[in-house]
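Student: Predicted model and sequence below, questions to follow.
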Amino acid sequence: MRFLHCKQCGDTTRLPFDEPTDDGAAAFYAAHASCFVETYASTGHSAASGPWHDPMSTRRHEVLGRGGPATAIGTRRILDEPLSWRIEPEGPEESTWVELDRPLFWATVDRVLYPSHLPKRPLEDWATQIDHFARAARPAEIVLLDDDPGSGNTTFACFTMTARARLESALAGIGFDEITRDRLSSLFDEEIFPPLRIRRCLRVRSEQAPSAQPDAPSLTR
């Protein structure tokens, strides 16, 4: 993905992925014939405020120009207008945090415990313990899986086998009975239990910073 940015006018255009010729670039250069136009190339590092298919989601792409990293930001005010792009002359800052994928976690736990009914408190304590473990985990203890198609800034993940073994050994301290503990322990034989989500947020300093997330390790892809 490439962007053309006019230094004098401040106009920015994104060149389409499927454009077979340079017609878009030629038109932009013609419109800014007396200006200095800089080309920015995407690094592939990007995030959106919502699903990528949502036309109202704000898009942020890290790009590289002659002066180094910058950020291309695409927004819409109303649904029927095209994306408006601008270039911020600084690279994005990334906030990354890890958390337990609770909807998938509870669906998996319910499946293995059915038809038994247990008090919710011990299970909630266990989920909280896993969540804290995830937030404090080192990047080397986490395996990145697929991006969430319903979100522009979320990746599915799981723990490494070593990290999962530590979690499994901690089950004894939760207070489950032996049968329940054996059933829950069997979940660690599944490929991606416990399920995790990694959320990313790209910002530039000129924008308001997102709320801080506790114990958020820095992860790279």
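Tutor: Done, it's in. Numbers count the residues shown, from 1 in each chain.
Student: Only C-alpha atoms from now on, for both contacts and neighbour counts.
Tutor: Will do.
Student: helix, strand or coil for the residue of the chain positioned farthest from its centre?
Tutor: The outermost residue of the chain relative to its centre, with distances by C-alpha atoms, centre = their mean, is Ser34 at 40.1 Å. Three-state secondary structure (criterion: DSSP: H, G, I helix; E, B strand; the rest coil) places Ser34 in coil.
Student: got the buried residues for the helix or strand where Pro122 lies?
Tutor: Under DSSP states H and E, the secondary-structure element containing Pro122 is helix 120-136. Within helix 120-136, the residues scored as buried using 16 or more other C-alpha atoms under 10 Å are Leu123, Trp126, Ala127, Gln129, Ile130, Asp131, His132, Phe133, Ala134, Arg135, Ala136.
Student: for those, which one is nearest Ser49?
Tutor: Distance to Ser49 across the buried residues of helix 120-136 (C-alpha to C-alpha) is lowest for Arg135, with 21.7 Å.
Student: Counting by contacts, list what the lowest-mean-pLDDT helix or strand in the chain packs against.
Tutor: Comparing helices and strands within the chain by mean pLDDT, DSSP states H and E singles out helix 23-31 as the least confident, with a mean of 84. When contacts are defined as 3 or more C-alpha pairs under 8 Å, 6 or more residues apart in numbering; DSSP states H and E, helix 23-31 packs onto strand 12-15.
Student: Let's see that with 10 Å instead.
Tutor: Packed against helix 23-31 by the contact rule (3 or more C-alpha pairs under 10 Å, 6 or more residues apart in numbering; DSSP states H and E) you find strand 2-6, strand 12-15, strand 37-48.
Student: Quickly compare the ones you listed and say which is most buried.
Tutor: Stretch with highest mean neighbour count among the helices and strands packed on helix 23-31: strand 2-6 (a mean of 22; mean count of other C-alpha atoms under 10 Å).
Student: Can you give the distance from that one to the centre of its chain?
Tutor: When distances are taken as C-alpha atoms, centre = their mean, to the nearest Å, strand 2-6 is centred 25 Å away from the chain's centroid.
Student: got it, and stretch 80-93?
Tutor: A distance of 18 Å separates the C-alpha centroid of stretch 80-93 from that of its chain, computed with C-alpha atoms, centre = their mean.
Student: what do you get for stretch 128-147?
Tutor: The gap between the average C-alpha position of stretch 128-147 and the chain average comes to 14 Å, counting by C-alpha atoms, centre = their mean.
Student: and it, average pLDDT?
Tutor: When pLDDT is averaged along stretch 128-147, the result is 93.
Student: what distance separates the start and the end of it?
Tutor: Using C-alpha to C-alpha, to the nearest Å, the end-to-end distance of stretch 128-147 comes to 24 Å.
Student: Tell me which stretches of this structure form helices.
Tutor: Taking DSSP state H to define them, one finds helices in the chain at 23-31, 102-113, 120-136, 161-169, 178-186.
Student: So for Gly91, which of those helices sits nearest?
Tutor: Distances from Gly91 to each of these were compared using C-alpha to C-alpha; the shortest belongs to helix 23-31, at 23.6 Å.
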